[in-house]
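Chemist: 3D, please:
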Amino acid sequence: MKRVLSAGCLLFFLTNLHSQNWPSFRGPGATGIADGQNPPISWDPDQSTNILWEVPIPGLSHSSPIVWGDRVFLLTVITSDANPEFRRAYALEGSAAGESSNDMSKQSWRIYCLDKRSGKVLWNRTVHEGIPKVKRHPKNSHASQTPATNGKYVVVYLGPEGVYCYDYQGNLRWSQDLSDWVFSDSRGGGAITTWGVASSPIIYKNLAIVQCDSHKSSFVAAFDLESGSKVWATPRQATSSWSTPTVYEGKTRAELITNGTDHVWAYDPMTGKEL
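Modeler: Now for the predicted structure:
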C-alpha cells in the first residue's frame with residue numbers, strides 16, 4: 001500500500017509561500033489560514049495540471065506534511081502485514097463502526113525530508129519499529145500525527161511509542177518513550193485507545209508539548225527542545241481524545257488550550273499549571 005505525495009496538493013506552499021512557513025498541524029497559530037497566497041483551486045495528476053512534482057511515499061499515513069523554508073517533512077508507517085486492513089468507505093455500518101483493525105503486525109514509523117522545489121528525498125529515518133501498543137481504526141493509520149518544526153528541530157509524536165526530535169540533517173537529538181503512560185484498560189481491549197492516536201505535537205518557545213489522552217492516566221507534558229528532558233507533566237481527568245493542543249497568547253498571559261472528550265482545559269504553557 002502506497003501513498004503518493006503530489007506537488008499539486010502542495011502548490012499552495014511551492015509557488016506562493018515564499019516567506020510563510022507551515023510548521024505544524026493547521027499551520028501558523030493552528031488557524032489553518034494563509035491569507036493572500038492565491039493557491040490553485042484545481043489540479044490533475046494524470047494530466048500534469050498544476051503539478052510540479054510527485055514522489056511515491058511507502059506506507060499508510062493520514063498526517064499532514066509541514067513546510068519550513070525549502071524543506072517538506074512528513075511521517076508515514078510501513079506495516080509488515082501483506083494485506084493490511086484499510087477501509088476507504090465514508091461510513092462504516094453496524095458493529096463495524098466501533099471495531100479496531102486487526103493489523104497488529106510489526107510496523108516501521110518513518111520521517112521523510114524532501115526538497116520543496118524538486119521533490120527530491122533529502123533523507124528519511126526509521127523513527128521506531130515494533131508491534132503497535134495500541135490498535136487503530138480501520139479507516140485510520142498508525143501515522144495520523146503531524147510533525148512540528150521550529151526551523152531547527154523536527155518533533156514527531158507516536159503516542160505510546162514515544163516522542164522523538166531530529167535536527168535538519170536527520171540526526172536524532174533525543175527521544176522520550178512515555179513509559180509512565182498507562183496502557184492497559186478493560187474498556188479499551190487492553191489499549192489506551194480503541195482506534196489509535198492522532199493528536200499532534202506543538203512547539204512553543206523552547207518546549208515540545210504533547211497531549212496524551214487515554215482511558216486511564218491522561219496527561220499533558222512538555223519537553224525541552226534542546227535536551228529532551230521533561231519540563232513538566234500535568235495529569236488530567238480526561239478520557240480518550242484525538243485533539244491537538246494550541247497556545248493562545250492574550251494580553252495578560254499565554255494559555256495552552258486543550259480540547260478533550262467532555263471538557264476544555266487551559267494551562268500555563270511554561271509550567272503546566274491548570275488555569
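
Chemist: run through the stretch 151-275 of the chain and note the low-pLDDT ranges.
Modeler: 179-194 (pLDDT under 70).

Chemist: mind running it again at 90?
Modeler: Applying pLDDT under 90 to the stretch 151-275 of the chain picks out residues 159-160, 177-198, 212-218, 235-242, 260-263.

Chemist: same question for the stretch 1-150 of the chain.
Modeler: Checking the stretch 1-150 of the chain against pLDDT under 90 turns up 1-20, 28-41, 43, 45, 48, 60, 79-105, 131-142.

Chemist: ok, for the residue nearest the centre of the chain, nearest residue in space, not its chain neighbours?
Modeler: Centroid-nearest residue in the chain: Gln145, 1.9 Å away (criterion: C-alpha atoms, centre = their mean). Distance criterion C-beta to C-beta, 6 or more residues apart in numbering; nearest residue to Gln145, sequence neighbours excluded, is Ser200 at 4.7 Å. C-beta coordinates here come from the backbone N, C-alpha and C atoms, glycine included.

Chemist: what segments of the stretch 51-200 of the chain are strands?
Modeler: 54-58, 66-68, 71-79, 107-115, 121-130, 148-149, 153-157, 163-167, 172-176 (DSSP state E, counting those that start in this stretch).

Chemist: sorry, back to before: list the contacts of the residue nearest to the centre of the chain.
Modeler: Ser63, Leu75, Val156, Tyr157, Leu158, Gly159, Val197, Ala198, Ser199, Ser200, Pro201 (C-beta atoms under 8 Å, 6 or more residues apart in numbering).

Chemist: then Arg253?
Modeler: Asp268, Leu275.

Chemist: one more time with 10 Å, if that's ok
Modeler: Ala266, Asp268, Pro269, Leu275 (C-beta atoms under 10 Å, 6 or more residues apart in numbering).

Chemist: just the buried ones from those?
Modeler: Neighbour-count burial (16 or more other C-beta atoms under 10 Å) is assigned, among the contacts of Arg253, to Ala266, Pro269.

Chemist: my guess is the residue nearest to Gln145 contacts Thr146. True?
Modeler: Yes - Ser200 is in contact with Thr146 according to C-beta atoms under 10 Å; the separation is 4.2 Å.

Chemist: who touches both of those two?
Modeler: Counting by C-beta under 10 Å, 6+ apart, the residues touching both Ser200 and Thr146 are Ser24, Phe25, Arg26, Ser63, Ser64, Ile66, Leu75, Val156, Tyr157, Thr244.
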